[in-house]
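Chemist: sequence and computational prediction follow.
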There are 4 protein chains.
Amino acid sequence: MVPDHVRGMKCALLETITLQVFNPVVQHRMKKKLIIDVDTGVDDAMAIMVALANPDVEILGITCCHGNTPLENVLKNTLRVLKVCNRLDIPVYRGCSKPLLARKQHAGDYHGKDGLGDVPDPDAPGLDLLQKKNAVQAMVKLVKDNAGEVILVATAPLTNLAVAVQLDPSLPKKLKALYIMGGNTESRGNTTVCGEFNFVADPEAAYIVLDRYTCPTYISTWEFTCRNSLSWSFCDTWLAQCTQKAEFMKKISNLSRMKAQSADYQKEITAGTGFNSCDVYALAAAIDDTLITESEEVAVAVELEGTYTRGMMVVDYIQKLKKDHKAIIMKKVDLEKLKQMLTNALK
Amino acid sequence: MVPDHVRGMKCALLETITLQVFNPVVQHRMKKKLIIDVDTGVDDAMAIMVALANPDVEILGITCCHGNTPLENVLKNTLRVLKVCNRLDIPVYRGCSKPLLARKQHAGDYHGKDGLGDVPDPDAPGLDLLQKKNAVQAMVKLVKDNAGEVILVATAPLTNLAVAVQLDPSLPKKLKALYIMGGNTESRGNTTVCGEFNFVADPEAAYIVLDRYTCPTYISTWEFTCRNSLSWSFCDTWLAQCTQKAEFMKKISNLSRMKAQSADYQKEITAGTGFNSCDVYALAAAIDDTLITESEEVAVAVELEGTYTRGMMVVDYIQKLKKDHKAIIMKKVDLEKLKQMLTNALK
Amino acid sequence: MVPDHVRGMKCALLETITLQVFNPVVQHRMKKKLIIDVDTGVDDAMAIMVALANPDVEILGITCCHGNTPLENVLKNTLRVLKVCNRLDIPVYRGCSKPLLARKQHAGDYHGKDGLGDVPDPDAPGLDLLQKKNAVQAMVKLVKDNAGEVILVATAPLTNLAVAVQLDPSLPKKLKALYIMGGNTESRGNTTVCGEFNFVADPEAAYIVLDRYTCPTYISTWEFTCRNSLSWSFCDTWLAQCTQKAEFMKKISNLSRMKAQSADYQKEITAGTGFNSCDVYALAAAIDDTLITESEEVAVAVELEGTYTRGMMVVDYIQKLKKDHKAIIMKKVDLEKLKQMLTNALK
Amino acid sequence: MVPDHVRGMKCALLETITLQVFNPVVQHRMKKKLIIDVDTGVDDAMAIMVALANPDVEILGITCCHGNTPLENVLKNTLRVLKVCNRLDIPVYRGCSKPLLARKQHAGDYHGKDGLGDVPDPDAPGLDLLQKKNAVQAMVKLVKDNAGEVILVATAPLTNLAVAVQLDPSLPKKLKALYIMGGNTESRGNTTVCGEFNFVADPEAAYIVLDRYTCPTYISTWEFTCRNSLSWSFCDTWLAQCTQKAEFMKKISNLSRMKAQSADYQKEITAGTGFNSCDVYALAAAIDDTLITESEEVAVAVELEGTYTRGMMVVDYIQKLKKDHKAIIMKKVDLEKLKQMLTNALK
């Protein structure tokens, strides 16, 4: 294996070249305006990097939420990702540190104790770089100031979004669209018997968001991401790109990769055995309307009271809920396009 | 169309011939001993008839339970089925008229108001033919008297079984096997958003049975039956057999066939669009060990407390429940064998 | 202190005299017919002895249920009580060993590990003295054979009663009355935050009984017994009677008396600080119609789904439940009469 | 009866005199700083007027919440109260229009359809007088700017408070005290079988506030207010004061007074039959530390999942919840002091 410091040097030249690819010649008015709500673990990091790599995307702000790791880590991790991408200009906001009912739900250490593979950066940016405004208030203001234009991508527990709609009940109507990573369609759990992590981490928030966000809502569920995983061989190729970003990703994803290949994790996944970067699907779908090749529109809700099913997404195929609003549940993805987006993200 | 009385005559001859097929030359000691717990609607009727048609089966008794239709109808319907098959010698027992918590759950009128297609028989046998002993007590005694030999097939809400295990906690250990029609694996509901009828009709009973019946337990779930439905063309052929039994089945199944082909019902089924005689699968699998070609062993439970998920079967793929006992969930069936069994049933 | 064997001798003479008090000269047809459903701990023992001491009472049978202590102990304890009272002629039946949902709820060791103060009797009667018939079936039969005459007194979790009404839905109508020790009126818990032991030990059974037993139903709740406790000085006098029964009671109640006076227990009681023999109130009220001097009629139910309130009795003062059947909730007791009954019980 | 316009004139002179009583000679630094969170119905109006009448109180702001009546009415009603008291200088803020889970809970029309006795004022102040800032953000800022000094009095469903602690988790620590009207101690319901209105109207919010507001917390429960009601004769005298405020109060309270004396309402109250101005107790206690003469400190929580008990306050007398923070539950009030405060409020 090539020592890290050598590889780092070798890559320096390449980067100056690849940087030109990102030259923003696209007209500004065509950019998609995104707010990304994250609980930065490794897959949130990938999602953010996919967004940053796309010249057609303008990130209005990144709002942070408890989730994979405590909020303080989430904030730090987010800044670390932006630093690697040289985009510390993007405003990062501190959001909710606890779910609505304040019952803790640990993500375990799938993404490491610090949420980012336990490979600390001594030169990580400080939290003084955070915006002063609270994430929820920022979300309300950014959406108001860009009414009709903002695509909100949520890859964390939905606490920030749930609080925001209380501050401004008209917020959902002002959104262009909402993309969520979370929930499940077939009662397959990865955290509790029947519950997916992001929804289980704050079931009330998930309920509120699915109930009150009546904008076009796209959901990337646990089963969907399992069924559309990438091969480990792609993963190898992907991380072998000789760039600082690839180096960073390789380091932070090493731990979760090992876990993903463990027997314990195999019980959780509902199909396939590959590389499943959950959060990337929601973000990639938000950026490229052609990514999702199959989906279905169904009313959904969240179970709040079950012993085994608290936090489970409820899919109302038999139309018992009498809900007008239907969510768009992703079913299939164009994997080649996804690979290209991931590849670009590490260039 | 041929008038009924004419067709009846035409068939008379045929029957005397086909009867010989059932000549019980098989050795008595090889027979499978069955107790069938039913809430006789149309599909229970089919299941009973499949059992009666099999020379290797001895039905120790039929225990009746509330369900598709009120208990009084269930009792009457069961006797009608036995009469058509000329087997009123089989003991029929009156069981529980209400679920444990006595909250009613109507099956709607899928099988007709009387549970058997609303084609009343003026000469139906009277309830005086019922056994004096209660179904639950009979179940306890029959299993005790045939310890290790009885296969219990349950195609109704599980109330009788739940009460029986309270009367005799050792009953499950004395069973050879338990076959259940009920529950679901992917939160697909046919009665509530996430609930299958038999389990929703008495969630506590379903919970108790899945918890305390630690004998080999085979479950034919809603999704399984949907995915292994038969074609309508087979159904046509099947009912076209020129026998009294086929006449009877044609009459009683007419209403539910129309309903099965309605748009409303299409929302419920999870796959395929054919003829799904739910209760037959469990019984057929109990009779023929080679019928099920694919299955999986997983611990299961029943959600009791959810708003949307009460009565839903919980499948513990990620082994959070720490249950030693696993159920065998049917996945695929040998359709040709099933067709043959159904065909024999109407001969 | 007088050694036990000396005291025992001293008392022998007295007993031959007092025995005559019980000479059953009362006319047989006036006797109240009781079935007592117990989970014999110390207070059940007191209740049984109060019943045995009353010449106007005929005990048709004692049905045993899990509760204060595992069923095997309950059976043994009940026989021990009957032996001390020289009434092993009374039939004792084995009932349910687990609550309906089979989730264990330990009573702690308030009545000792064996439920009877941990003072084992080497000459305790064997379980071969039990009736062969199951308690639930016996209950159904005894009530049927004495329709309109039986007073059922339940001082245990209500599992046996809940199963009985499934076997015979007409059982409640055949009862003269039902007396229950259990539940609470003001959400004061002695087992969980809001739950009384007997109801919490089988919430579904309590729900079923309050729902389906539409006979006159008298409830002795936790708060009621706390507010009508006896003084410790009475207790001293009571146990100082020089009889074998008093000796027995003194021994078995010693442990729970110490516990009753501990700080931990003081938190549970809702009023007073005295000697609260919970189960005695229900039984004494069943025997003497004038014992209860104040009561109220209200519809009641049992909460099954709460996090804190599962098993709590729900009192419908504002008539939201739309229930026709009202229970009679005991409020005040004639303490002098109660003392007399207790005193007689140890003579 | 004296016609309104005549009485109005007669009162004009009196008012100019009584106004001097309120001359704020008290030193400013001694004033208690209050934020009042209301869902202005008639009793909130009384509470606000009691606060306004007290020279030692400075109202930093009134935050409005859904509850007795829709938020738009609450806002209007609050302004009407301030106008009558000539205190439109006090900032009024628009808060949450729906409970966290957005399930509606109507208060019925106890306070009239408009929440204020259905006696509309054609000259009511317009909503343009409202502050621009949202109530929750205002609450966060006011408490921050007056850290350690603010007493928060909440007489509405607790939605605003629940959202505020998500925006600023340190808010509770910055409060001097919190006074709540809501909840119950003995499972006595006035809205559902076991639930008090304010808590039932947003159980999750009540749960969050009791869980996360670890400042000194005083609770005026439903049973407490019922047991400390005032006589109707006092009410007569009180409203007979010849002032504009008394006229106003007489008009707006007429409807709820009639309802309070109806048979239906009698079922709800747990004791007494008098005039129970629920919201006044919490506010009066906040103003005068000597008003409450008896109270108890106990840990509390809110049941979220029960069928009958959802929204019920759970009082942990037996210390099962292992909560460090205890609430102070009001038990008895100095009625004479309360009367004086009420009397002053209409001067």
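Modeler: Sure, I can see it.
Chemist: tell me which parts of the stretch 201-347 of chain A are close to chain B?
Modeler: A:267-268, A:270, A:301, A:303-310, A:312, A:314-321 (CB under 8 Å from any CB of the partner chain). Any C-beta I mention is one placed from the backbone N, CA and C, and that applies to glycine too.
Chemist: mind redoing it with 6 Å?
Modeler: Taking CB under 6 Å from any CB of the partner chain, the part of the stretch 201-347 of chain A that reaches chain B is made up of A:Lys267, A:Glu268, A:Glu303, A:Glu305, A:Gly306, A:Thr307, A:Tyr308, A:Thr309, A:Val314, A:Asp316, A:Ile318, A:Lys320.
Chemist: let me know the closest of those residues to D:Thr225.
Modeler: D:Thr225 lies nearest to A:Glu305 out of these, by CB to CB, at 30.2 Å.
Chemist: would CSV of the residues of the stretch 201-347 of chain A next to chain B with pLDDT be doable?
Modeler: Formatted as CSV, those follow (pLDDT from 0 to 100):
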residue, pLDDT
A:Lys267, 81
A:Glu268, 81
A:Glu303, 98
A:Glu305, 94
A:Gly306, 95
A:Thr307, 95
A:Tyr308, 97
A:Thr309, 98
A:Val314, 98
A:Asp316, 97
A:Ile318, 94
A:Lys320, 95
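Chemist: among those, which are in reach of chain D?
Modeler: Among these, chain D is touched by A:Glu305 when using CB under 6 Å from any CB.
Chemist: narrow the residues of the stretch 201-347 of chain A next to chain B to those in strands?
Modeler: A:Val314 (DSSP state E).
Chemist: and stretch A:71-80, which residues are buried?
Modeler: Neighbour counts over stretch A:71-80 (16 or more other CB atoms under 10 Å in any protein chain shown) mark A:Leu71, A:Asn73, A:Val74, A:Leu75, A:Lys76, A:Asn77, A:Thr78, A:Leu79, A:Arg80 as buried.
Chemist: what's the most distant pair in the residues of the stretch 201-347 of chain A next to chain B?
Modeler: A:Lys267 and A:Lys320 (30.9 Å).
Chemist: just the strands in chain A please.
Modeler: A:32-38, A:57-64, A:92-94, A:150-154, A:175-181, A:217-220, A:292-298, A:300-302, A:313-315, A:327-333.
Chemist: go through those strands and pick out the most buried.
Modeler: strand A:313-315 (a mean of 29; mean count of other CB atoms under 10 Å in any protein chain shown).
Chemist: what comes up buried for the longest helix along chain A?
Modeler: Criterion DSSP state H: the longest helix present in chain A is helix A:244-260. Going by neighbour count (16+ other CB under 10 Å), the buried part of helix A:244-260 is A:244-256, A:260.
Chemist: how about JSON lines for those, with distance to chain D and pLDDT added?
Modeler: Output for the buried residues of helix A:244-260, formatted as JSON lines (distance: CB to the nearest CB, whole Å; pLDDT from 0 to 100):
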{"residue": "A:Gln244", "distance to chain D": "36", "pLDDT": "96"}
{"residue": "A:Lys245", "distance to chain D": "34", "pLDDT": "97"}
{"residue": "A:Ala246", "distance to chain D": "38", "pLDDT": "97"}
{"residue": "A:Glu247", "distance to chain D": "37", "pLDDT": "97"}
{"residue": "A:Phe248", "distance to chain D": "32", "pLDDT": "97"}
{"residue": "A:Met249", "distance to chain D": "33", "pLDDT": "97"}
{"residue": "A:Lys250", "distance to chain D": "36", "pLDDT": "96"}
{"residue": "A:Lys251", "distance to chain D": "32", "pLDDT": "96"}
{"residue": "A:Ile252", "distance to chain D": "28", "pLDDT": "96"}
{"residue": "A:Ser253", "distance to chain D": "31", "pLDDT": "95"}
{"residue": "A:Asn254", "distance to chain D": "34", "pLDDT": "94"}
{"residue": "A:Leu255", "distance to chain D": "30", "pLDDT": "93"}
{"residue": "A:Ser256", "distance to chain D": "29", "pLDDT": "89"}
{"residue": "A:Ala260", "distance to chain D": "33", "pLDDT": "87"}
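Chemist: give the burial count for the residue lying closest to A:Glu72 once chain neighbours are set aside, as a bare number.
Modeler: Leaving aside its sequence neighbours, A:Glu72 sits nearest to A:Leu127 (CB to CB, 6 or more residues apart in numbering or on different chains; 7.5 Å). Residue neighbour count, defined by other CB atoms under 10 Å in any protein chain shown, stands at 12 for A:Leu127.
Chemist: re the thing from before, more neighbours: A:Lys267 and A:Lys320, which one.
Modeler: A:Lys320 (17 against 13).
Chemist: just to revisit the earlier point, how about the buried residues of helix A:244-260 in TSV, adding distance to A:Cys85?
Modeler: Shown next, in TSV, are the buried residues of helix A:244-260 (distance: CB to CB, whole Å):
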residue	distance to A:Cys85
A:Gln244	9
A:Lys245	7
A:Ala246	12
A:Glu247	13
A:Phe248	9
A:Met249	11
A:Lys250	15
A:Lys251	15
A:Ile252	13
A:Ser253	16
A:Asn254	19
A:Leu255	21
A:Ser256	20
A:Ala260	24
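Chemist: and A:Gly115, what does it touch?
Modeler: A:Gly41, A:Asn68, A:Thr69, A:Asn73, A:Asn77 (CB atoms under 6 Å, 6 or more residues apart in numbering or on different chains).
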